[in-house]
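Trainee: Here's a sequence, model it:
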Amino acid sequence: MARRHEEIHLLEAWRALPQCDNNDTGWRCIPVISSQGHLFQAGRHFPDNLESILVGFQMEIPPRSQNLPEGKGFSVVFVGQLPGLSGFWVGLHRQPTGNLELFAKMAVDVLNVIDNRSSHDKVAFDIFLHRIRAWQKFMEQDRRGVLSSEEMIGLCGELEILQDLLDAGLSAGAALAAWRGPLGSLHDFHFETGALEVKSTASRRNNIIQISSAEQLDTTQVAPLYLATCRFAADSSGVSLADRMRRMRQALGSNQDAVSLFESLLLHLGIESIATFESADPLLLLEKRLFPISADFPKLTASTLPAAICDVRYSLDITLIDHQQTNLLQMLLDMGVLLHGAS
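Mentor: Below is the predicted model:
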């Protein structure tokens with residue numbers, strides 16, 4: 001994805017804006033060039049005299065009740081109409097506690113995401129909000145870009161399944177919309193008619209996975225429900241997490257909406273940049289299995305445990321489970337998920 005806007009240019013634009021005295025109120029703005037003809041302004045809001053970017057959208061006025069993101073050091077505000085300018089304007093506004101350098105980085109990223117699509121409508125507005133919410137989550141992280149070994153292995157497994165979904169014929173947009181693991185959802189992939197949980201381990205000797213709650217394999221929560229297991233091992237012939245992310249980015253190709261969503265989901269995990277992310281040793285995929293969760297699948301569930309038991313975590317040795325397996329394409333067909341070429 002081409003990066004058309006740079007932080008230094010945005011900082012220069014803010015510095016170029018005229019200063020006002022303490023009695024002035026409202027916006028002072030100058031245009032920011034967009035290769036796609038988007039409506040961008042670099043602005044300052046007075047009397048607080050803090051930096052903003054304003055984006056104009058050609059759409060009906062969003063409802064005032066819409067929940068706008070607000071994070072550490074920034075807020076999103078409805079600006080409405082600007083004198084002499086068309087469109088409905090929304091501002092990304094730095095707060096007094098916000099670090100200017102980080103805010104500029106966030107603002108430039110948001111401008112580039114919007115500038116990589118041609119439409120100026122509500123879809124662009126939704127992408128705008130989604131990207132800012134990803135930054136909101138990123139700024140809340142205590143350890144940005146630092147994943148534990150278990151988190152890296154888990155992300156490798158989710159990316160493996162994400163690639164399988166694309167290979168099975170699911171569109172990039174639909175596959176990424178279903179990927180909820182980075183958002184902290186109960187299951188890693190959610191579809192309209194079911195869910196898929198992914199568990200990964202890194203061992204040549206066993207296939208023990210960790211189930212994090214009594215709800216995770218409970219079909220009273222969602223049905224149909226499936227469990228995918230990935231067993232990796234550290235091996236020089238394998239693929240690192242950083243390379244897996246880069247390969248997924250390449251697989252999305254020129255679909256800029258999908259690329260934006262993929263990068264936003266990684267931001268939720270604290271990964272600001274695929275290019276600069278550093279990961280541990282390469283992991284070789286040894287085995288991948290997929291189980292439908294049926295009544296006789298070995299599990300502890302919230303619907304069958306005594307009410308007094310309020311927290312359950314347990315381990316499963318998949319090698320000991322004599323249970324019918326399936327494949328991803330059959331799972332998608334059973335859930336009625338629309339694939340490329342389906343009528």
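
Trainee: Pick out the residue closest to the middle of this protein.
Mentor: With distances taken as Cα atoms, centre = their mean, the chain has Leu265 as the residue nearest its mean C-alpha position (1.4 Å).

Trainee: isn't it right next to Ala175, touching?
Mentor: No. If you go by Cβ atoms under 8 Å, Leu265 and Ala175 don't touch, sitting 11.2 Å apart. In short, each C-beta sits where N, CA and C put it, glycine included.

Trainee: Identify the residues contacting the residue nearest to the centre of the chain.
Mentor: Residues touching Leu265, when contacts are defined by Cβ atoms under 8 Å, 6 or more residues apart in numbering, comprise Ala134, Leu176, Trp179, Pro182, Leu183.

Trainee: Just the closest of those residues to Ser294, please.
Mentor: Compare each of the contacts of Leu265 with Ser294 using Cβ to Cβ and the shortest gap goes to Trp179, at 24.4 Å.

Trainee: what are the ranges of the helices in the stretch 201-343 of the chain?
Mentor: For the stretch 201-343 of the chain, the helices defined by DSSP state H, counting those that start in this stretch cover 241-251, 256-268, 328-334.

Trainee: and of those, who's closest to Cys20?
Mentor: Across the helices of the stretch 201-343 of the chain, the minimum distance to Cys20, taken as Cβ to Cβ, is reached by helix 256-268, at 34.3 Å.

Trainee: got the CA positions of the closest one in PDB?
Mentor: Provided in PDB are the C-alpha atoms of helix 256-268 (Å, rounded to 0.1, in the frame of the first residue of the first chain):
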ATOM      1  CA  GLN A 256      -6.900  -2.200   0.000                       C
ATOM      2  CA  ASP A 257     -10.000  -2.500   2.200                       C
ATOM      3  CA  ALA A 258      -8.900  -6.000   3.200                       C
ATOM      4  CA  VAL A 259      -5.300  -4.800   3.800                       C
ATOM      5  CA  SER A 260      -6.600  -2.000   6.000                       C
ATOM      6  CA  LEU A 261      -8.700  -4.300   8.000                       C
ATOM      7  CA  PHE A 262      -5.800  -6.800   8.400                       C
ATOM      8  CA  GLU A 263      -3.500  -4.100   9.700                       C
ATOM      9  CA  SER A 264      -6.200  -2.800  12.000                       C
ATOM     10  CA  LEU A 265      -6.700  -6.200  13.600                       C
ATOM     11  CA  LEU A 266      -2.900  -6.500  14.100                       C
ATOM     12  CA  LEU A 267      -3.000  -3.000  15.800                       C
ATOM     13  CA  HIS A 268      -5.400  -4.500  18.300                       C
END
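
Trainee: quick one, it and helix 241-251 angle?
Mentor: Relative orientation of helix 256-268 versus helix 241-251 (axes from the mean of the first three to the mean of the last three Cα atoms, to 10 degrees): 160 degrees.

Trainee: quick check: mean pLDDT across helix 256-268?
Mentor: Average pLDDT, helix 256-268: 91.

Trainee: Next: stretch 331-343.
Mentor: According to the model, stretch 331-343 has a mean pLDDT of 80.

Trainee: Can you pull out the residues in contact with that stretch?
Mentor: Contacts of stretch 331-343 from elsewhere in the structure, counted by Cβ under 8 Å, 6+ apart, are 165, 168-171, 174, 191-194, 196, 224, 226, 290, 292, 326.

Trainee: Which residues are in contact with Phe297?
Mentor: Leu217, Leu227, Phe291, Ile321, His323.

Trainee: Would you mind checking those for buried ones?
Mentor: Buried by 16 or more other Cβ atoms under 10 Å: Leu217, Leu227, Phe291, out of these.

Trainee: ok so, going back, among the helices of the stretch 201-343 of the chain, which comes closest to Asn67?
Mentor: Each of the helices of the stretch 201-343 of the chain has some distance to Asn67 by Cβ to Cβ; the shortest is helix 256-268, at 17.0 Å.
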